[in-house]
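J.: Build the 3D model from these lines:
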Amino acid sequence: MLGGVTCLTFDCYGTLINWERGILASLEPRLAKMGSRPGPEAILRSFVQHEQREEATAWKPYRQVLSAVLLGMAEELHLPLLAREPALLADSLASWPPFSDTVAALQQLSKRFRLAIVSNTDDALFAGTEMRLKVRFDVVVTAEQVKSYKPGKAHFHEVLRRLGVPVSQVVHVAQSLYHDHVPARQLGFRTAWIKRPSLLTDTGLAPRADVHPDFAFSDLSGLASFL
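T.: Have a look, this model is predicted:
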């Protein structure tokens, strides 16, 4: 089933980067100082709701998306003081940690495959994250470059163009069924689902989606061993 594969494309946040941990590490200390403890699940569900809404409107930089998300969360969770730091999430993004197996798995995979990123972020924000991943990506496609957010298909069209290979030579690797597997499968990609643990047990930080990936692994090291 993997004959002829030369390239792996990756979602970043949620797949390579533990963004649930990063979001909570950014917000929970502020909330505690304000005397509010809405609970991690409530924080993350609010983030999902507002990010989906913002990314469904006319394109704007992800830094602005995160600011609008934070303002929406502040209103929903009745935390007006949180709205005084609209850049909090964006400014903390570079500190969001990789999953424990990410770096070693990427380094192993890079010995055999060309690696690419397709991410709903800005170039400058991803640059901070890339230093934590400790591997060179052959192609990086961000929302800023294509002026679109997944689950739109622009990322996937662009990464194929820049890799210069047919879709049959690519496997797309991602946690989010909604953001990644749906559009990738519609365009003919084979996909590998990385079923990262999540505090939101049904979907992780994504809306629900009905799609069937080709492969499923509990973590990235499982994929690396399989390949």
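
J.: Next secondary structure element downstream of the lowest-mean-pLDDT helix or strand in the chain?
T.: Within the chain, no helix or strand scores below helix 19-33, which has a mean of 89 by mean pLDDT, DSSP states H and E. The helix or strand immediately downstream of helix 19-33 is helix 40-55, counting by DSSP states H and E.

J.: Which residues outside that following helix are in contact with it?
T.: 20, 23-24, 27-28, 31, 38, 60, 65, 68-69, 72-73, 76-77, 120, 149, 199-200, 205-207 (C-beta atoms under 8 Å, 6 or more residues apart in numbering). To be clear about C-beta, it is placed using only N, CA and C from the backbone, and glycine gets the same treatment.

J.: Just the buried ones from those?
T.: 20, 23-24, 27-28, 31, 38, 60, 65, 68-69, 72-73, 77, 120, 149, 205-206 (16 or more other C-beta atoms under 10 Å).

J.: can you tell me which residues contact the residue lying farthest from the centre of the chain?
T.: Distance from the centre of the chain peaks at Gly35, with 30.3 Å (C-alpha atoms, centre = their mean). If a contact means C-beta under 8 Å, 6+ apart, then Gly35 has no contacts.

J.: ok, now Phe10?
T.: Phe10 sits next to 16, 115-118, 172-174 when contact means C-beta under 8 Å, 6+ apart.

J.: cool, and Pro38?
T.: 31, 46, 77.

J.: Try it again at 10 Å.
T.: Applying C-beta atoms under 10 Å, 6 or more residues apart in numbering to Pro38 gives the contacts 27-28, 31, 45-46, 73, 76-79.

J.: Equivalent analysis for Ser119, please.
T.: By C-beta under 10 Å, 6+ apart, Ser119 lies in contact with 10-17, 62, 125-126, 129, 140-145, 149-150, 155, 179.

J.: List the ones among those that fall in helices.
T.: 62, 125-126, 129, 143-145, 155 (DSSP state H).

J.: tell me which element Trp59 is part of?
T.: Applying DSSP H and E, one finds Trp59 in no helix or strand.

J.: and the closest residue to Ser119 other than its chain neighbours, what pLDDT?
T.: Nearest residue to Ser119, sequence neighbours excluded (C-beta to C-beta, 6 or more residues apart in numbering): Cys12, at 4.2 Å. We have a pLDDT of 98 for Cys12.

J.: still on that earlier bit, which of the ones in helices among the contacts of Ser119 are buried?
T.: Using 16+ other C-beta under 10 Å, the buried ones in the ones in helices among the contacts of Ser119 are 62, 125-126, 129, 143-144, 155.

J.: ok, Phe226 - how many residues close by?
T.: Using other C-beta atoms under 10 Å, the number of residues around Phe226 comes to 10.
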